[in-house]
Every structure is written in C-alpha cells, then in structure tokens.
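Asks: okay, predicted coordinates and the sequence, questions at the end:
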2 protein chains.
Amino acid sequence: MTAPARRPGRRPGRSSSRDDILAAARVLFGERGYDKASIRAIAAAAGVDPALVHHFFGAKEELFAAAMEFPVDPETILPLILAGPRAEIGERLVRTFLRFWSDPRLRPQFVGIIRSATTSETGATLLRDFITSQLFARVAAVLEVPGLNLNAAAAQLVGVVMFRYVLEMEPMASASDDELVALLAPTIQRYLDA
Amino acid sequence: MTAPARRPGRRPGRSSSRDDILAAARVLFGERGYDKASIRAIAAAAGVDPALVHHFFGAKEELFAAAMEFPVDPETILPLILAGPRAEIGERLVRTFLRFWSDPRLRPQFVGIIRSATTSETGATLLRDFITSQLFARVAAVLEVPGLNLNAAAAQLVGVVMFRYVLEMEPMASASDDELVALLAPTIQRYLDA
DNA sequence: GCATAAATTCAACGCATGATGAGTTACGCC
DNA sequence: GGCGTAACTCATCATGCGTTGAATTTATGC
C-alpha cells in the first residue's frame, strides 16, 4: 500500500535489488515461461524499474540464463543415488528426484526450465545439455546402461513432473511422494538393469 | 518470386484459403507454440492477408482451438488398443501411439498441443481435458485400473514424445519405433496390470 | 571533502502484435 | 441481370514489448 513515491538515484543502505530481481525472475519464468514473463512484469514484482534489470543483467536472455542456472550441483546429488545396493537404485533415484522437486525454493526454477524448454530454443538447449552432459555422461560412466534406456528413464520422470506440476493433472498432482515412489521405482529400476 | 500483386476482392473459382490457413496454423503452432506463432506469420504462410484469418476464425484463441482440435477420434482408436489379449495391451498401446506420432500430417498438431500445453492455459486445458475425459474415462471403464496408474502410463508416453519430437534428444530421437516398443511396452503393461 | 563509481528512475524509441472497419471483387440465387 | 452474401485486402489503432541514454542520488576510495 506504500504509495509509489519512488525517485531516481541510489538508495541509502545496502541494496537487495539484484537478488530481488533474480527471485522474481525465477518465479515469473516458472509460472509463465520465457516469452510471457516480461521484463516489465519481473521488474514490477521486484519493486524496481525495468531499466534496472538491464543495468544488472543486460538482455533478457542473459537474465533468463542467470535465473535458470541449474540450482543443483550434479556432484552432490549423484553420490546420493549411486551409493547403495544396485538393486535399489530405482527407488533411490525416484525418491531423490521427487525430493528436489518438493523443495518450494527449487520448484519454480525447475518448472521454468521445463516450460521454457518447449518454447524457446535457449530453454531447450539448457535442458538438453544438462541432462546429457551433466547427468547421463556421469551416470553412464558408472552404470553400464544403453543410452536409450537412460532416455526412457528420464522421459518417465519428465513426464511425471509435467503431469504433476505443469499440467497439474489429477490424481497425480495430489499423490504423495511415497505413492509415486512405489509406482515408478520398478520402472526406473528395469530401465537401469538392462 | 511471384510479385505480390494481390488486389482486394473475392477470387474467381473456389477457394482453399480457409483450409490453407488451418494447415499453416497447425504447422506454425507446432513449430513455435501458441505465442510465437503470430497471426501475421500464419497468414503469410497461407499466402493471405492477416485480416482474412480474423474473418474466418475470429480471435487468435479460436483459431488455435480450431487448428488444434484433436485430430484423432477416440472412438476409432480405442478399439484398436482394447481388442486383443489383455497381456499384450501394453505393446498394442505403445505401437498405436507411436504410429500416430509418425504420421507427418498429424505430428505438427500433436507437437503444437504439447508445446502450448506448457505455455498457455488454453493449451493446458485442451490436453488435460482430452486425456482425462476422452481417454481415461473410457479406458478406465473397460480396464479396472487405478487413476494414478493411468497417469503414470500417460506420463511415460508424454515424456517420450517430449524427448523424441520436442527436445529432439538423442538417442531417442533417432530410435526406431520397434526399439521403443520393446523398451516401453513392459512399463505400460505393468501400469495397466495393477 | 572531493572525485569517481554504483544504484536507481524517467522518458522515450522502434517494433511487432492482435484487432477493427471500410472498401472491393466475385459467387449464387431468384 | 440484379442483389445479397461471402471472400478478400488495405490502412490503421492501441498495446505491450525489449531496449537505450540521460539524469539523479548515494556510496566509496583517496
């Protein structure tokens, strides 16, 4: 309700504008996808002038890249999955995957990547490169599994998050993580056994 | 290279403009998604003035609905899947599904629906409603399978076409239908057995 | 304290878009 | 053969977009 009596010039104290913009960008890219998330809307959500976005990040595509940079480091997540009995790797993978998607701080970013992967070539490249070079290369080096099987496993998981978080289709959107693990783990396990 | 010496007024002979527009819309919506496929670009691809698009279809969203109307009638496809031994329903479903996606006349339309489902609420509703009311309701009436299992099966297939036709991720994009059937059919079968 | 740099807004440009309304030509019926 | 209707284009509008450059205020290094 504060009247928008903003005036030009630097604000006193240290500023959080840069981070505010990043956070707003993640939310809006996640909700609307690359094209429909306008710089003006992101700036408004961050309580900031659109020109400031350019001042910090340059063109829109750079903002997108900065906001969507993969929030998870493969080096920390892969050991969680690969360690443990090989016969239970499907369950560990599905459980870990769903746990990351449950984090409300990470999810908008994930959804944004999925949403934008179908629309902008930048988004598609981002997702494709991450899956192939970051994940598959490492997993394939440890487990000896054909690439097509890895694709099938990844496709199952991507399909699930599309249903659950993008389309919000019932009953999958409301199912518990445990239900999904029970349902999906055998599928993933089979792909990774071959 | 024909000089664009178009003049106003009705053309002699019978016109294919309406169908040309629909065809161009299917291609462009499929390639670019709802937002990036502009009415002007669709009109240009159809060799027609943008205003003619409005003349035939009204607002853009109506054009989209007309172009993306599901090209497959569930009444004709479901018997193909449901008839035959129950133990092979997974294979029949996957094979039929992939065969429809292989049709180069149908694919742009399918891709358009997937692409737009992640971006526009209209697209999401279109896909959601078709899957739930057209497919699931009918299938669930015949096979007695929990809704969550149907979701999981559909998610697997949607994930596959995202990898294969939207992201064009290798090796799935280049795999043969037969390879995919062998890989996916047991998964689908398991979901539909429960 | 003063100069430079950083943060911030304002005003504006140029562009593409979806949409509208009026005008023009052909078809089909009586 | 005249008339309503359908097909078709043109010019135009308002809007929202990404982007830019200048102006203003604060922080910081010397």
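Replies: Alright, I've got the coordinates. Numbers count the residues shown, from 1 in each chain, chains lettered A, B, ... in the order given.
Asks: going forward, measure contacts and count neighbours with C-alpha atoms only.
Replies: Noted.
Asks: longest helix of chain A?
Replies: helix A:17-36 (DSSP state H).
Asks: and the pLDDT at the residue lying closest to A:Gln134 once chain neighbours are set aside?
Replies: Residue nearest to A:Gln134 in three dimensions, not counting chain neighbours: A:Pro74, with 6.8 Å by CA to CA, 6 or more residues apart in numbering or on different chains. If you check A:Pro74, the pLDDT there is 79.
Asks: which element is the residue positioned nearest the centre of chain A on?
Replies: Residue closest to the average C-alpha location in chain A (CA atoms, centre = their mean): A:Phe110, at 1.6 Å. Per DSSP states H and E, A:Phe110 falls inside helix A:107-117.
Asks: check contacts around the closest residue to DNA strand C within chain A.
Replies: Using CA to the nearest atom of the strand, the closest approach of chain A to DNA strand C is made by A:Pro8 at 3.2 Å. By CA atoms under 8 Å, 6 or more residues apart in numbering or on different chains, the contact set of A:Pro8 is empty.
Asks: is it true that A:Ala67 touches A:Arg26?
Replies: Yes - shown here, A:Ala67 and A:Arg26 form a contact pair, counting by CA atoms under 8 Å, at 5.7 Å.
Asks: what do those two both touch?
Replies: A:Gln109.
Asks: who has more neighbours, those two?
Replies: A:Arg26 (29 against 23; other CA atoms under 10 Å in any protein chain shown).
Asks: count of neighbours near A:Arg14?
Replies: So A:Arg14, with other CA under 10 Å, has 7 neighbours.
Asks: which residues of chain A lie near DNA strand C?
Replies: Residues of chain A found near DNA strand C (CA under 7 Å from any atom of the strand) are A:5-11, A:15-18, A:47-52, A:55-56.
Asks: buried subset of these?
Replies: Taking 16 or more other CA atoms under 10 Å in any protein chain shown as the criterion, what is buried in those is A:17, A:48-50.
Asks: just name the closest of those residues to chain B, please.
Replies: For these, the residue nearest chain B by CA to the nearest CA is A:Pro50; the value is 22.1 Å.
Asks: and the closest one, how far from A:Pro8?
Replies: Going from A:Pro50 to A:Pro8 by CA to CA, to the nearest Å gives 13 Å.
Asks: repeat that for A:Pro104.
Replies: 34 Å.
Asks: can you give me the domain assignment for chain A?
Replies: A:17-68, A:74-193 (automatic domain parsing).
Asks: and the last one with DNA strand D, contact?
Replies: Same thing as domain A:74-193. No - judged by CA under 7 Å from any atom of the strand, domain A:74-193 and DNA strand D are separated, with a smallest distance of 12.7 Å.
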